[in-house]
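Colleague: below is the structure, and that's it, no one-letter string:
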């Protein structure tokens, strides 16, 4: 009996559910091989910003993918307790695309670790579903997330020291720095040079994505993907391919 091939993983720097990413998301849908793929939207990372923000991201995801011709279901998981809900886990298990939107990576990781939801996403990808993560979603589904310290009151992230908690590990040996083009390059380099030894950091610009399967990756969108391997830096643009 043939085992199913793991599905693609899409890492997006920013811009989920907005017009600049419509062409890319249409391509994700085509990659499923289904005329009307089932898309699950997980706005979990935005839950700490309040119910209004959480609901807004869910609604944006539904409207965006319905307009592209998908069958869409938002999964309202805010906490680890809600991540144990059988209906939520079933929706992930039946999805052709699981899309984790942005927000707070630390919160998202906690929910994925402390509930069966992380395992459900891994199982979906293992049977061939596309798993897409944007911003905090991208940070959570690779091998290492990033946990920044913040200046008190100002809530500004400090680029040193960075902690690297384990992520969902759908991609081995990789960390993601989203919104890469919004950072001054010296700060990006300071973060990249702290990455765990032997690993790779992907700096992904806004409205830009890297899609990978079996170690081969391709760039989509308007910006660049910057690949840091220790002190060595490479840049890739739309249509370029690279291996990890």
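Modeller: Yep, that arrived. None of these values were measured; they are calculated from a predicted model.

Colleague: can you list contacts of the biggest helix by length in the chain?
Modeller: Looking across the chain with DSSP state H, the single longest helix is helix 51-67. The contact list for helix 51-67 (Cβ atoms under 8 Å, 6 or more residues apart in numbering) reads 16-18, 22, 25, 29, 39, 41, 43, 46-47, 72, 74, 76, 78, 99, 101-103. C-beta: built from backbone N, CA, C; applies to glycine.

Colleague: try it again at 6 Å.
Modeller: Helix 51-67 is contacted from outside by 17, 39, 41, 43, 46, 47, 72, 74, 101, using Cβ atoms under 6 Å, 6 or more residues apart in numbering.

Colleague: quick one: which of the residues you listed has the most company?
Modeller: Among the contacts of helix 51-67, residue 43 has the most neighbours (other Cβ atoms under 10 Å), with 30 neighbours.

Colleague: may I have the phi/psi pair for that residue?
Modeller: With angles defined as degrees, to the nearest 10, residue 43 sits at phi -90, psi 20.

Colleague: count the neighbours of the residue nearest to it when sequence neighbours are not counted for me.
Modeller: Leaving aside its sequence neighbours, residue 43 sits nearest to residue 57 (Cβ to Cβ, 6 or more residues apart in numbering; 3.9 Å). By other Cβ under 10 Å, the residues close to residue 57 number 24.

Colleague: which helices and strands does the helix or strand just after the longest helix of the chain pack with?
Modeller: Downstream of helix 51-67, the first helix or strand assigned by DSSP states H and E is strand 71-74. On a contact count with 3 or more Cβ pairs under 6 Å, 6 or more residues apart in numbering; DSSP states H and E, strand 71-74 meets strand 38-42, helix 51-67.

Colleague: strands paired with strand 71-74, and their directions?
Modeller: If you go by DSSP bridges, strand 71-74 pairs up with strand 38-42 (parallel).

Colleague: list the contacts for residue 171?
Modeller: Listed by Cβ under 6 Å, 6+ apart, the contact set of residue 171 reads 9, 142.

Colleague: just to revisit the earlier point, how about the longest helix of the chain: buried residues?
Modeller: Within helix 51-67, the residues scored as buried using 16 or more other Cβ atoms under 10 Å are 54, 57, 58, 60, 61, 62, 64, 65.

Colleague: what's the answer for stretch 34-44, then?
Modeller: 37, 38, 39, 40, 41, 42, 43, 44.

Colleague: and residue 211, bridged to which residues?
Modeller: Beta-bridge pairing of residue 211, defined through DSSP bridges, involves residue 10, residue 218.

Colleague: so what's the residue count around it?
Modeller: Residue 211 has 20 neighbours, counted by other Cβ under 10 Å.

Colleague: the one 10 residues further on now?
Modeller: Applying other Cβ under 10 Å, we find 23 other residues in the vicinity of residue 221.

Colleague: looking at it, it is touching residue 210, isn't it?
Modeller: No: counting by Cβ atoms under 6 Å, residue 221 stays clear of residue 210, with 9.2 Å between them.

Colleague: avg pLDDT for the longest helix of the chain?
Modeller: The average pLDDT for helix 51-67 rounds to 98.

Colleague: how far off strand 38-42 does that helix point, in degrees?
Modeller: If you take axes from the mean of the first three to the mean of the last three Cα atoms, to 10 degrees, helix 51-67 sits at 160 degrees to strand 38-42.

Colleague: number of nearby residues for residue 210?
Modeller: As a burial measure, residue 210 scores 27 neighbours (other Cβ under 10 Å).

Colleague: kindly report the same for residue 182.
Modeller: That count, for residue 182 with other Cβ under 10 Å as the rule, works out to 11.

Colleague: not counting sequence-adjacent ones, nearest residue to it?
Modeller: Using Cβ to Cβ, 6+ apart, the nearest residue to residue 182 is residue 206, at 6.5 Å.

Colleague: so the one you found sits in a strand?
Modeller: No: under DSSP: H, G, I helix; E, B strand; the rest coil, residue 206 falls outside any strand and is assigned coil.
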